[in-house]
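In: Predicted structure and sequence below. I'll ask about it afterward.
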Amino acid sequence: MGRHRYLVALGSNRRHHRHGTPRGVIRAALAALDHGKVDVLAVSPIIETPPLGHSRRRFANAAALVRTRLAPDELLHKLQKLEHKFGRRKRGRRWSARVLDLDIVLWNGGAFAAPGLVVPHPLFRERRFVLIPALHVAPAWRDPRTGLTLRHLAARLTRPHTPPR
């Protein structure tokens with residue numbers, strides 16, 4: 001189908017009236033994403049993670065490797081339409097509860113910047129809830145900014161910190 005591959009992060013921490021729990025929301029979003037102009041090639045297990053910021057609800061998180069002919073800004077538009085379809089009304093409120101959050105983390109074209117979109121996602125290197133699921137679908141994918149694989153980036157987050165001598 002397409003010539004571009006993307007790593008997309010999925011998150012939810014609110015119930016949906018039709019799809020149920022956040023895990024159900026993630027499964028339904030993946031099914032909806034796999035229609036039309038996007039092919040889902042691989043999906044990570046759904047993991048539960050603690051919330052960031054002031055949200056009190058735990059998140060369900062996953063990662064998907066997708067293929068499409070869409071450019072990054074076009075895929076972002078499609079992902080935002082899907083978020084809206086699932087009930088997301090406002091963007092920009094960091095760490096608030098949300099039915100569905102979809103982010104482009106990486107794409108096979110390297111770095112990309114446009115109004116409202118930066119790829120690679122600026123914070124993905126610091127987020128276990130992105131890197132751990134991503135390891136299941138693209139462990140050898142390299143971050144175009146650092147040259148490190150997702151496996152290496154995740155290891156940096158998960159290894160015990162030893163203070164300098």
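Out: Sure, I can see it. Please read all numbers here as calculations on a predicted model, not as lab measurements.

In: buried residues in stretch 65-78?
Out: Neighbour-count burial for stretch 65-78 flags 65-68, 70, 72, 75-76, 78 (criterion: 16 or more other CB atoms under 10 Å). C-beta: built from backbone N, CA, C; applies to glycine.

In: mean confidence for it?
Out: Taken as a whole, stretch 65-78 has a mean pLDDT of 95.

In: got the CA positions of that stretch in CSV?
Out: What follows is stretch 65-78 as a C-alpha-only set of coordinates in CSV (Å, rounded to 0.1, in the frame of the first residue of the first chain):
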residue,chain,number,x,y,z
LEU,A,65,3.9,0.2,13.3
VAL,A,66,1.9,1.4,10.4
ARG,A,67,2.4,1.9,6.6
THR,A,68,0.8,4.6,4.5
ARG,A,69,1.3,6.9,1.5
LEU,A,70,0.3,9.8,3.7
ALA,A,71,2.9,12.4,4.5
PRO,A,72,3.5,13.1,8.3
ASP,A,73,1.2,16.2,8.4
GLU,A,74,-1.5,14.3,6.5
LEU,A,75,-1.3,11.3,8.9
LEU,A,76,-1.4,13.7,11.9
HIS,A,77,-4.7,15.1,10.5
LYS,A,78,-6.1,11.6,10.1
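
In: who's in contact with that stretch?
Out: Contacts with stretch 65-78, where a contact means CB atoms under 8 Å, 6 or more residues apart in numbering, come from 1-8, 33, 37-43, 104, 107, 109, 112, 114, 116-117, 119, 137-138.

In: quick one: that stretch to chain centroid distance?
Out: 13 Å (CA atoms, centre = their mean, to the nearest Å).

In: swap in stretch 149-162?
Out: For stretch 149-162, the distance to the chain centre is 18 Å (CA atoms, centre = their mean).
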